[in-house]
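**Q** Build the 3D model from these lines:
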Amino acid sequence: MEVLISGAIAALLTFFDIARTFYIPSGTKRRVPFLLWAIFFVLVNGALACLLYQAVKDFSSLSSYNPYLKAILVGASYLVLIRSKLATIKVQNEEVPLGLEYVYNGAKEFVYKQMNRISTKALTEEAATLAGQKTLKELASTASAYITNNSLLSDQEKTARKAWLLKILQDATTDEEKRTTLATYLLSERM
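**A** Next up, the predicted model:
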């Protein structure tokens, strides 16, 4: 049971990282491959955390802990441990880390590139569709209301986003570009 707790915590932390990093497409055509890559990466990290728990559960420094607390500690520290480097060597004027970090970063970069391609295509298509359906005034009004009503933004962030919105509206670009920019913001919350 404890091994599963470690895996679940590492998987959850990986999921949070993916959700924070990417726009998750809503269209079924792009959502399925995106979710498959995400699930794959979450499960791999969960499985590796389970293996890590099995490897360290009997260490003397952890022996005094309750097994569930030990599992939580291993699961929560998995990403820190997997990203640790033993040493750094210089290869052609570039520093290369030695250790699991190099392998983990390479795998993460590969998976994240696949997810990013899917996410970017989906966001571009969805923003173009939304921009084609709404007028600039409608998109600006919706964006303004969204900023005002967003409880997760501080007053300073709201002010900065309202200033960004005003800048977009006053920009010398075409209405189509402005609509696409505002549609992208409404879909992804990215300025």
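**Q** Leaving out sequence neighbours, find the closest residue to the spatially most central residue of the chain.
**A** The centroid of the chain falls nearest to Thr21 when counting by C-alpha atoms, centre = their mean (2.3 Å). By the measure of C-beta to C-beta, 6 or more residues apart in numbering, the closest residue to Thr21 outside its immediate chain neighbours is Tyr112, 7.2 Å from it. Where C-beta positions appear, they are placed from N, C-alpha and C, glycine not excepted.
**Q** where's the one you found, which helix or strand?
**A** Using DSSP states H and E, Tyr112 sits within helix 100-133.
**Q** can you check Ile89 too?
**A** Assessed by DSSP H and E, Ile89 sits inside strand 87-91.
**Q** Can you spell out which helices and strands pack onto that strand?
**A** Secondary-structure packing of strand 87-91 (3 or more C-beta pairs under 8 Å, 6 or more residues apart in numbering; DSSP states H and E): strand 94-98.
**Q** sorry, back to before: pull the CA atoms of the strand holding Ile89 into CSV?
**A** Taking Å, rounded to 0.1, in the frame of the first residue of the first chain, the C-alpha atoms of strand 87-91 are listed here in CSV:
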residue,chain,number,x,y,z
ALA,A,87,28.5,16.0,-11.3
THR,A,88,28.8,18.3,-14.3
ILE,A,89,31.3,17.8,-17.1
LYS,A,90,32.2,20.2,-19.9
VAL,A,91,31.6,18.9,-23.4
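**Q** What mean pLDDT does that strand get?
**A** The average pLDDT for strand 87-91 rounds to 72.
**Q** residues near Ser64, how many?
**A** Ser64 has 8 neighbouring residues, counting by other C-beta atoms under 10 Å.
**Q** One more: Leu139?
**A** 25.
**Q** How much space separates the residue nearest to the centre of the chain from Val44?
**A** 16 Å (C-beta to C-beta, to the nearest Å).
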